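Student: Have a look; sequence and predicted model below, questions after that.
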Amino acid sequence: MRFSTGLPGLDRYPPSRYAGDTEPWQARLTTPDFQRIARTADELGFDSISVSEHIVVPTSLTANMGAHWPHAFTAMAFLAGATTRIRVNSAVIVLPYHHPVDFAKAVSTLDVLSGGRVTLTFGVGMAPGEFAALGVPFEHRGAVMDEYVAVMKELWTAESPSFAGEWVRFEDVVFEPKPVQSPHPPLWFGGRSLVSLRRAAREGDGWAPAGGLLGKGPWLEEPEQLPGMLEQVAELRDGRPLDVNYPLMQPRIGPNHTVQPASFQPTSAQQIVDECGRLAGLGVTHTSVPSLADAPDSLEGHLEGLHWIAEHVLPAFTERPGVPG
């Protein structure tokens, strides 16, 4: 099992978390604070640090989503520069928002500069107003994403890349540098539907059914469904493993990004360890876990939570290669 953590202060989701607090501690974080959080996670042995993204938020959704969101890849570059070992991941980047030729170059550059520590989690998106602001056709978002993935793979792997699609065309070009990771950085796909899982199995390296909106069925509602759903796409993998990223405290996200509390509410470190083991048995390879302390009310409280997880949870999974003992 691999363990991820997030970066507080870059998004304010859900807004209810900050209700009544006119100046939450996350809003006061500075550049050295962000660096300190990332370096602490790096030093403690966390495997990855993930950031979310929205470019603009439609006003109809701000009550449930808030307005404060980062540009994920910019944050990933900052985090990679502040650390030495930990991987940087997106959770998620809506790929149709980003032109694939330009984005492929950004990814390749960061993979080189970080020494091959980039993972990408893509989603198709859910907010028509956000697509409209960026001039991207919402009704074709799935097809756009599939084409954009193909474009980037062509640029990352071909000596003389060329492409002729519905939205992107190029030929007689060169593309360097290539990513450090071969054939390219791991590509994970978000969403809880079987459609998203099939896309992950066909085009990527992992599936992230974490907090995604319920789409056209069937979809993942409980982790016990994982073995059966993974079996349905086994033929697309031809024996190749598929990573599954499933948070221990899986939020329930409904229409218009309403959030319901996670069903799992641990009261001991052993419960967390046992649940991680249970998820691993169901096919989960990556997760994020809570500390048992109350929600932190300061930077120091957040860092204490990271230390608690590193002391009480991570040692149960010390067989993970590449993690300091």
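Tutor: That came through fine. This one's a predicted model, so the numbers in the text were calculated from it and none came from an experiment.
Student: where does the stretch 201-325 of the chain have low pLDDT?
Tutor: 210-217, 251-262, 294, 319-325 (pLDDT under 70).
Student: now do 90
Tutor: Low-confidence segments of the stretch 201-325 of the chain, defined by pLDDT under 90: 210-222, 249-267, 290-297, 318-325.
Student: tell me the contacts of the residue nearest the centre of the chain?
Tutor: Centroid check for the chain by CA atoms, centre = their mean gives residue 91 as the closest residue, at 2.3 Å. Going by CB atoms under 8 Å, 6 or more residues apart in numbering, residue 91 touches 6, 50, 51, 52, 72, 121, 190, 208, 210. Heads up, the C-betas are built off the backbone N, CA and C, glycines and all.
Student: Just those residues: which are in strands?
Tutor: 6, 50, 51, 121, 190, 208 (DSSP state E).
Student: ok, those residues vs residue 110, which is closest?
Tutor: residue 51 (13.1 Å; CB to CB).
Student: Just the pLDDT at the closest one, thanks.
Tutor: For residue 51, the model assigns a pLDDT of 96.
Student: wait, it sits on residue 80?
Tutor: No - applying CB atoms under 8 Å, one finds residue 51 not in contact with residue 80, separated by 11.3 Å.
Student: what is in contact with the two at once?
Tutor: residue 88.
Student: can you give me the helices in the stretch 51-200 of the chain?
Tutor: 62-65, 72-82, 100-113, 128-134, 141-157, 194-203 (DSSP state H, counting those that start in this stretch).
Student: List of residues touching stretch 297-312?
Tutor: With CB under 8 Å, 6+ apart as the test, stretch 297-312 has contacts from 3, 5, 8, 25, 29, 33, 36-37, 40-41, 44-46, 269, 272-273, 289-293, 296.
Student: burial count for residue 268?
Tutor: 10 (other CB atoms under 10 Å).
Student: you'd agree it is up against residue 290?
Tutor: No - if you go by CB under 8 Å, residue 268 and residue 290 don't touch, sitting 11.9 Å apart.
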